[in-house]
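1. the sequence isn't on hand, but the structure is:
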């Protein structure tokens, strides 16, 4: 999964084949131009030693304070930010030591919402969260994913169940593709994981 994300971000180019966006080979696009079209929410989000406001504004430096609040609300982050000692001006500490894992993720999602890029990469965005934080982050991710190309890397199938296309990988190889329902009906690796992760009556709708 790391290789896929790095290839899409053009940390390096494929030795064979090509990656295209709207039919254009990424190697034909300047890296800085392409990266302005991408927003990334990583598994371990980068939180700067700055205020909550400045951490979100990193997604788009020219954003107004009002736009930052709108993004935070969409990311389910406004409530906990407002409860910090100085609200949006609260210092978050080195690597966000003042925040929980779920709060860091929501800051990162607010940053991505503010960036409003046409391509969104989500790299295990909910993997380290408790159940309550995961629900809040997943709701924010659902809003963020609408109306844009979204690539989600996840082991938790609830994160990808609604995807238009799921690519199943094992040992670095693509072994199957399809929708959730199609993959479950095939009875392969995905179906086995689904049985393990979705108990009766608890599968996400």
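-> That came in fine, so what should we check first? All values reported here derive from a predicted model rather than from experimental measurement.

2. mind checking the SS state of the closest residue to residue 145 other than its chain neighbours?
-> Distance criterion CB to CB, 6 or more residues apart in numbering; nearest residue to residue 145, sequence neighbours excluded, is residue 120 at 6.3 Å. To be clear about C-beta, it is placed using only N, CA and C from the backbone, and glycine gets the same treatment. Here residue 120 is strand, with the state taken from DSSP: H, G, I helix; E, B strand; the rest coil.

3. which residues touch the closest residue to residue 20 other than its chain neighbours?
-> Counting by CB to CB, 6+ apart, residue 26 is the residue found nearest to residue 20 once chain neighbours are left out, at 6.8 Å. By CB atoms under 8 Å, 6 or more residues apart in numbering, the contact list for residue 26 reads 8, 10, 13, 18, 19, 20, 34.

4. repeat that for 7 Å
-> Taking CB atoms under 7 Å, 6 or more residues apart in numbering as the criterion, residue 26 is in contact with 10, 19, 20, 34.

5. what sits against the first one?
-> This means residue 10. 26, 31, 34.

6. which parts of the host helix or strand of residue 140 are buried?
-> For residue 140, the host element (DSSP states H and E) is helix 131-145. By 16 or more other CB atoms under 10 Å, the buried positions in helix 131-145 come out as 133, 134, 136, 137, 138, 140, 141, 144, 145.

7. now for the contacts of residue 26: which two are most distant?
-> Farthest pair in the contacts of residue 26 (CB to CB) is 10 and 20. Separation: 12.3 Å.
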